[in-house]
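**Q** following is a predicted model, sequence given first.
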Amino acid sequence: MSEAPHVKSGPTGTGGGKHVGKVKNKLPAPIQITAEQLLREAKERQLEIVPPPPRQKITDPTELAEYRMRKRKQFEDNIRKNRAVMVNWIKYARWEEETQEYQRARSVYERALDVDHRCVPIWLKYTEMEMRHKQVNHARNLWDRAVTLMPRVSQFWYKYTYMEEMLENVAGARQVFERWMEWEPEEQSWSSYINMELRYKEIDRARNIYTKFVLVHPTVKNWIKFAKFEEKHGNIAGAREVYERAVDFFGEEYMEEGLFIGFAKFEEGQKESERARAIYKYALDKLTKEQCPDLFKSYSIFEKKFGDRRGIEDVIINKRRFKYETEIKQNPLNYDAWFDLLRLLEADCSLEDVRDTYERAIANIPLVASKKGWRRYIYLWINYALFEELEAEDVDKTRQVYKACLEVIPHKKFTFGKIWLMFAQFEIRQKDLNAARKVLGTSIGKCPKPKLFKGYIDLELQMREFDRCRKIYEKFLEHDMSNCNTWMKFAELETILGDTDRARAIFNLAIQQPLLDMPEILWKAYIDFEVEEEEHERVRALYQALLQRTKHVKVWISFANFEASIEHTKKAREIYDEADRSLQSETQKEERVLCLEAWREFETKHGTDETQDAIKKKMPRRVKKRRKIDVEEGGEGGWEEYWDYIFPDTEANSSNLKFLQMAKAWKKQQDDDDSDS
């Protein structure tokens, strides 16, 4: 708070004058400062940019011990300030671990657990440290302590069982799961236990777990899952028994339509239509209409398939089939009608009928030689191949379909990369990698498309065949050396593999190409690569080479920003100055304004008062002008207003030029007057 001036009474001299004491003004100050404002200002002062401390190079054991003691003191001080902040404990323990002081790290973690033994991150970090250093028994003991203290934290159990399974201690993992199941956890935990048993072909154990599971979580979904498990493993009688137990378990009071739908569909899948009909009728008798809307739909579909209304259903199907056949006769190239007909037959007819219809459909080759006209036709082939693979499960026939499709397509005019890739993926699903490679190799030989090259490269990357990837990239670039994305992906692959020299050579070769589709992206990728490698001289050389090709303002700004990022403010200022000089033309006013604005922002962050004043003097004035609109026919187009920039240096030159013109006009007028006289 401010104070009023002190009041004095009488003169004060060196003689015997008496000095009167000061009177303090206790009135409130005119400007009041709140506690909130004080705290905000203190917080803002903390957010000021503080330069990082210098790196310390330790060359002496004594110096190392002092450094460790100093760091430990810092950590202990942070903990002493607030013991409840677990982040400080974790940082402390991680630092001790990085210095290979494992006993100290354990001590820190144990102290943290004494402070808060229910902190989950502490337990996780502690056990992960032990597992990283292959201290299996330590980790096992920690997991035991964690799950004993907090049995409801599922993350502990998951990691515990995962560790035991990774150690191939299946019996130990099973024992941990059994301990976990005693707490009756959520459904996903039971599913994890069942999946583990299935991974080791322990069907009986999985069945026992399911038996307990459906009692702990008695929902219709889980009972149906149990029944499907039995059905999947060939125990049809067991699956039926599960459904029957579920019906008895829920009784008439808690009936749900989903259970009866699942039960009926199971019996339908086993060709037991009478059983399925009895289940549907029982459910419809016990449930109200509001409780079973989906049950009515399922029953109607069932009766259409197996009931007395089969004849009516056949009439409907035949009528629709006749309609589609009529449309096809009128126009055999109406592929939408073929799709509708095939969809109808796949749902209700035999495999041979569907196969014959597909053969009739693919025989109608489009008359136009354009890719757009072939697109619907090719989807007939795709559906045919998928039908043979998924529905008919005929591998040889599927392979024949793909080969026949590729023979029909006129690859010299256009191709469909989707077919080649689907054929290769089919061969991979049949575990024939060589055949897939042969298909893709043939594709890029006959019709090299970027999509095919990328698909082939993705396949080899998944197989970790990096030498093959390099060869494919070379073929890709031989096909199209102007594709910047290909160069960048090739260099990115080499960078991931750790071969920076090869990546740099690829970038050098790329920027030397005379024709590129997106050169600015390629140059940026090359510069970013060198920046990541901290090759600052190479980065400068790249910027200089790029500026020889283009004087774009964004290149200048990027170059200056790079120098500023590595704290070379002097060089950055020189670059901005050079850019300003190079952009001093009438056609590059807006680019020059962008450059000056970026320079001003740079000086605001890194400059002094003098440099900031200097750049302010360079800033232009924005004025509104008028210009005549050009018309192609040569008529009057009128006038339009636009904004223009007048720079201080050009304004001074224009004023001098105007003065010289006026002087020449005066001189000419004087000469004319002399000649007249």
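**A** Noted; the coordinates are in hand.

**Q** so where's the stretch 301-450 of the chain uncertain?
**A** 304, 307-319, 322 (pLDDT under 70).

**Q** which parts of it are helices?
**A** 310-330, 335-348, 351-362, 371-386, 395-408, 417-429, 433-446, 450-462 (DSSP state H, counting those that start in this stretch).

**Q** of all these, which lies closest to residue 111?
**A** helix 450-462 (46.9 Å; Cβ to Cβ). (Each C-beta comes from the backbone N, C-alpha and C, glycine too.)

**Q** among the helices of the stretch 301-450 of the chain, which is nearest residue 201?
**A** For the helices of the stretch 301-450 of the chain, proximity to residue 201 was assessed by Cβ to Cβ; helix 417-429 is nearest, at 23.2 Å.

**Q** the strand or helix carrying residue 165 packs against which elements?
**A** Assigned by DSSP states H and E, residue 165 falls within helix 154-166. Other helices and strands packing on helix 154-166, by 3 or more Cβ pairs under 8 Å, 6 or more residues apart in numbering; DSSP states H and E, are helix 120-132, helix 136-149, helix 170-181, helix 187-199.

**Q** can you list contacts of the second one?
**A** So that's helix 136-149. Under the criterion Cβ atoms under 8 Å, 6 or more residues apart in numbering, residues 106, 117-118, 123, 126-127, 130-131, 153, 156-157, 159-160, 163, 167, 176, 179-180 lie in contact with helix 136-149.

**Q** try it again at 6 Å.
**A** Helix 136-149 is contacted by residues 123, 126, 127, 130, 131, 156, 160 when judged by Cβ atoms under 6 Å, 6 or more residues apart in numbering.

**Q** make JSON lines out of those and add distance to residue 608, neighbour count and pLDDT.
**A** Shown next, in JSON lines, are the contacts of helix 136-149 (distance: Cβ to Cβ, whole Å; neighbours: other Cβ atoms under 10 Å; pLDDT from 0 to 100):
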{"residue": "123", "distance to residue 608": "54", "neighbour count": "25", "pLDDT": "92"}
{"residue": "126", "distance to residue 608": "52", "neighbour count": "24", "pLDDT": "91"}
{"residue": "127", "distance to residue 608": "55", "neighbour count": "24", "pLDDT": "91"}
{"residue": "130", "distance to residue 608": "55", "neighbour count": "22", "pLDDT": "90"}
{"residue": "131", "distance to residue 608": "55", "neighbour count": "19", "pLDDT": "90"}
{"residue": "156", "distance to residue 608": "58", "neighbour count": "25", "pLDDT": "90"}
{"residue": "160", "distance to residue 608": "61", "neighbour count": "24", "pLDDT": "91"}
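
**Q** nearest to residue 486 among those residues?
**A** The closest of the contacts of helix 136-149, once distances to residue 486 are taken by Cβ to Cβ, is residue 131, at 42.0 Å.

**Q** and the contacts of the helix holding residue 165?
**A** Counting by Cβ under 6 Å, 6+ apart, 143, 146, 147, 172, 173, 176, 177, 180 sit against helix 154-166.

**Q** number of nearby residues for residue 175?
**A** Residues near residue 175, counting by other Cβ atoms under 10 Å, number 13.

**Q** ok, now how distant is it from residue 168?
**A** Distance of residue 175 to residue 168, computed by Cβ to Cβ, to the nearest Å: 14 Å.

**Q** what of residue 267?
**A** Taking Cβ to Cβ, one finds residue 267 at 42 Å from residue 168.

**Q** next helix or strand past the strand or helix carrying residue 474?
**A** In this structure, residue 474 is located in helix 466-479 according to DSSP H and E. Sequence order places helix 484-496 as the next helix or strand after helix 466-479, per DSSP H and E.

**Q** list the helices and strands that following helix packs on?
**A** helix 466-479, helix 500-511, helix 519-532 (3 or more Cβ pairs under 6 Å, 6 or more residues apart in numbering; DSSP states H and E).

**Q** residue 207: which of the contacts of helix 154-166 is nearest?
**A** For the contacts of helix 154-166, the nearest to residue 207 is residue 177 (15.1 Å; Cβ to Cβ).

**Q** I'd guessed the closest one sits against residue 191; true?
**A** No: counting by Cβ atoms under 6 Å, residue 177 sits too far from residue 191 to count as a contact (11.4 Å).

**Q** with neighbour numbers in mind, choose between the two.
**A** Using other Cβ under 10 Å as the criterion, residue 177 and residue 191 rank with residue 177 on top: 23 against 15.

**Q** distance of the nearest residue to that one once chain neighbours are set aside relative to residue 181?
**A** Excluding the flanking residues, the one nearest residue 177 by Cβ to Cβ, 6 or more residues apart in numbering is residue 193, at 4.5 Å. Distance from residue 193 to residue 181, counting by Cβ to Cβ: 7 Å.

**Q** and those two? Which one has more around it.
**A** residue 193 (26 against 17).

**Q** just to revisit the earlier point, elements contacting the helix holding residue 474?
**A** So helix 466-479, by 3+ Cβ pairs under 6 Å, 6+ apart, packs with helix 450-462, helix 484-496.

**Q** now those as CSV including mean neighbour count?
**A** Formatted as CSV, these follow (neighbours: other Cβ atoms under 10 Å):
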stretch, mean neighbour count
helix 450-462, 18
helix 484-496, 19
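
**Q** follow-up on the earlier one: neighbour-wise, which of residue 267 and residue 168 wins?
**A** Neighbour count, other Cβ under 10 Å: between residue 267 and residue 168, residue 267 has more, with 22 against 9.

**Q** got a list of what that one touches?
**A** 275, 276 are the contacts of residue 267 under Cβ under 6 Å, 6+ apart.

**Q** please redo it, this time with the cut-off set to 8 Å
**A** Contacts of residue 267 (Cβ under 8 Å, 6+ apart): 240, 273, 275, 276, 279.

**Q** how about those, which pair is most distant?
**A** The most distant members of the contacts of residue 267, if one measures by Cβ to Cβ, are 240 and 273, lying 14.7 Å apart.
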